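**Q** no FASTA, just this:
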């Protein structure tokens, strides 16, 4: 064991760091999905497309800024601006024009509306950004590398992945938890999630809350994509990949607190990173294995509460 | 609709498929694929009756397709490969089903999705056995011991797919009318009440699940022997989504729905791909949106409504 550790220690450290930054991006997408599902009771398949579009928009904005000869540090706020734009422009349109129209219909139809939207957005994104990989790594280059001491060795790692990605994810986690529990708008969201009818009876405008939640969820997905765009090149299909992963996170976590999504994203992010370094064949499978194992033991997910049976 | 009308409609539909395939030769391939998918969608319809959406039934389709691909080098006989592959899929359905029928709604959907994604990555990553994303080319297979020409083999597959569709269509219609089918609908309305009557909701769902896996297996085997090439993409989650898509497009109210939906889906896909190569997916998505927003009963429901209006006028 000690032998193995000394041989693979570096790899282990690198996998942990990679897993952390990966988990950060996954958390952003999954927490938005969880929030939207809580209020709308629709599992939004197009959520992954919003992630992809956020990434593409951020890359385009950053490339545009550098082509204009503007200072490089602008590419960092550009990530957030691009994500916010995508969320605010697309979120309300999708919620008003599509999701509201199937409100109260069969769950299958609601699910399929988002699947149809996914198909449309996927092709739209190919038409706008093409099928060639898009890379814009200005923020990563700008911040440079950090040498992390690890035993006798040092691990070189990008400062962007070490500080910015997990930092923003942590900020989102704390901010969201505060928002949901301490502000009026946040508590309205929680109320509608718990019991839509009762919330309405208390005078909460459920339609407005739904719109707000969906927009916020869309912006979070776009922010996840924007933050991941400097470290992973964007290719068609990235949305499809992301969404199944966040499904796994949401199902494993169960519905409930944002902290649940964070812990689960960490679990799955680290699991995947270890697989990448030690058993590459298992990379894609690990999140699902974790999910199946968790659901075997806790059918309502790690943080979900079991539903009472209605008669 | 009376039983004799339905039999008549099924026969007219079958004759129409054969006539189309005869008149436009390349449509024979499209029709065979459509019927193969229709078989898998019939299984989705069964689960929809219980209010459960499986976002992973491509697993059984892909499993049977790969079983045929591997088996073809050992026993290149269509009439042996097809039942064996379908039974294999049903067996897998039984094993998986024992686990997933304990869950409902999103957990049911997501577990199915997860398992099909696991199968997908096994197919993709174990290159030495599965040739990864390149997939496997199927060697030519015999039909009842005869080596057929390409043309004759194409016809044989279409007729086989048609017979399977008619057979399973009739079976599912009877199944839905039987107590097992009625109990399935009970899971959707209120499972607890079902259990108060002494019926195990899990067992009812398991039976339907295995049956759906068997039909998806038949579809996968026909698909593999028609396209003669299998790739991991068959098991990707979007392929499962496609099956649910077809179920809604055709209409979940009748066993005709899946086949009507599958034919419409494949034709739209072929024409959309020829018309705008880069945007066929978008066109399909828009069609689906229109159907859900304006005709939630699907194509079958639309046809019925038209018929009813004419009769009352």
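**A** Structure received. Given the structure is predicted, the values throughout are model-derived calculations rather than measurements.
**Q** and the residue of chain A found nearest chain B, what helix or strand is that in?
**A** Per Cβ to the nearest Cβ, residue A:119 is where chain A lies closest to chain B, at 3.2 Å. All C-beta spots, glycine's among them, are computed from the backbone N, C-alpha and C. Assigned by DSSP states H and E, residue A:119 falls within helix A:107-129.
**Q** And the strands in the stretch 201-313 of chain B?
**A** B:229-230 (DSSP state E, counting those that start in this stretch).
**Q** Tell me the helix or strand right after the helix holding residue A:119.
**A** Once the chain leaves helix A:107-129, the next helix or strand it forms, by DSSP H and E, is helix A:138-143.
**Q** got the buried residues for that following helix?
**A** Residues A:138-140, A:142-143 are the ones in helix A:138-143 that count as buried (16 or more other Cβ atoms under 10 Å in any protein chain shown).
**Q** helices or strands up against whichever strand or helix holds residue A:53?
**A** Of the helices and strands defined by DSSP H and E, residue A:53 is found in helix A:47-67. Helix A:47-67 makes packing contacts with helix A:2-40, helix A:75-94, helix A:107-129, helix A:138-143, helix A:206-228, helix A:238-253 when contacts are defined by 3 or more Cβ pairs under 8 Å, 6 or more residues apart in numbering or on different chains; DSSP states H and E.
**Q** Give me the number of neighbouring residues for residue A:101.
**A** 13 (other Cβ atoms under 10 Å in any protein chain shown).
**Q** List the residues that contact it.
**A** Contacts here follow Cβ atoms under 8 Å, 6 or more residues apart in numbering or on different chains; on that basis residue A:101 touches residue B:293.
**Q** so where's the stretch 201-313 of chain B uncertain?
**A** B:313 (pLDDT under 70).
**Q** quick one, helices of it?
**A** Secondary structure of the stretch 201-313 of chain B by DSSP state H, counting those that start in this stretch: the helices cover B:201-227, B:237-250, B:256-275, B:280-294, B:298-312.
**Q** mind listing the strands for the stretch 151-300 of chain A?
**A** Going by DSSP E, counting those that start in this stretch, the stretch 151-300 of chain A shows strands at A:153-158.
**Q** For it, which residues are neighbours of chain B?
**A** A:240, A:244, A:247-248, A:250-251, A:280-285, A:288-289, A:291-292, A:295-296, A:299 (Cβ under 8 Å from any Cβ of the partner chain).
**Q** What subset of those is buried?
**A** With burial judged by 16+ other Cβ under 10 Å, the buried subset of these is A:240, A:244, A:247-248, A:250-251, A:282-285, A:288-289, A:291-292, A:295.
**Q** List the contacts of the spatially most central residue of chain B.
**A** In chain B, the centroid-proximal residue (Cα atoms, centre = their mean) is residue B:40; its distance is 1.5 Å. When contacts are counted by Cβ under 8 Å, 6+ apart, residue B:40 is found next to B:57-58, B:60-61, B:215-216, B:219-220, B:243.
**Q** separation between it and chain A?
**A** 16 Å (Cβ to the nearest Cβ, to the nearest Å).
**Q** And the pLDDT for residue A:310?
**A** For residue A:310, the model assigns a pLDDT of 58.
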